[in-house]
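K.L.:
Here is a sequence with its predicted model. Questions after.
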Amino acid sequence: MAQSQNNGNKKEHFVLIVEDSPVDFEIISRAFKRVEFSPKIHRCEDGDQALNFLVSSISRESMTGKPLLVLLDLNLPGTDGREVLSTMKSDKVMNQIPVIVLSTSNNENDIEFCFSVGADKYLKKPISADEFAETALTIKKF
């Protein structure tokens with residue numbers, strides 16, 4: 001189920017987190033708080049939901065804004081993260097949105113695939129709270 005955390009501004013850019021694990025979503029959210037980064041966050045729990053949300057938010061950009069960044073899990077139910085990434089990076093509007101892939105996979109083929117279609121960064125899960133905080137700080141500076 002999609003969830004949004006709104007801090008007030010209707011046309012604010014936001015971070016889209018595509019993550020089916022509630023635990024991993026909570027770790028990411030806490031890492032953002034730890035580095036005092038509090039963007040509006042929208043969560044999608046599967047690839048189909050993410051693609052529908054992206055198409056919808058981009059078509060309504062004048063009213064709602066568009067994602068500043070997408071944090072994308074590769075192993076999602078239904079449409080997986082690889083397909084979400086491929087679809088995003090083959091679209092003339094979505095391909096401008098930075099994507100950081102978060103995955104349990106350390107498979108070189110997955111990593112090469114993600115970079116070949118346009119991922120901006122690939123992070124292996126699980127990473128420590130300190131590593132998530134460091135990543136959140138990088139995102140904050142982005």
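P.N.:
Here it is on my side, so go on. Numbers count the residues shown, from 1 in each chain.

K.L.:
hey, where'd the strands end up in the chain?
P.N.:
Assignment of strands within the chain using DSSP state E yields the ranges 3-5, 14-18, 40-44, 67-73, 99-103, 121-124.

K.L.:
Can you dump the C-alpha atoms of the fifth one in PDB for me?
P.N.:
Coordinates of each C-alpha in strand 99-103 appear next as PDB, following Å, rounded to 0.1, in the frame of the first residue of the first chain:
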ATOM      1  CA  VAL A  99      17.800   6.300  -8.900                       C
ATOM      2  CA  ILE A 100      19.700   4.600  -6.100                       C
ATOM      3  CA  VAL A 101      19.200   0.800  -6.100                       C
ATOM      4  CA  LEU A 102      19.100  -0.900  -2.700                       C
ATOM      5  CA  SER A 103      19.400  -4.700  -3.000                       C
END
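
K.L.:
what sits up against that strand?
P.N.:
By Cβ atoms under 8 Å, 6 or more residues apart in numbering, the list of residues contacting strand 99-103 from outside reads 19, 24, 28, 69-75, 81, 85, 88-89, 110, 114, 118-125, 135, 139. Where you see a C-beta, it was placed from the backbone N, CA and C, and this is true even at glycine.

K.L.:
what's the answer for the longest one, then?
P.N.:
Residues external to strand 67-73 that are found in contact with it (Cβ under 8 Å, 6+ apart): 13-21, 24, 28, 39, 42, 50, 54, 57, 81, 84-85, 88, 97-103, 119, 125, 139, 142.

K.L.:
Please indicate which of the residues you listed are buried?
P.N.:
Buried residues within those, counting neighbours by 16 or more other Cβ atoms under 10 Å: 14-21, 24, 28, 39, 42, 50, 54, 57, 81, 84-85, 88, 97, 99-103, 119, 125, 139.
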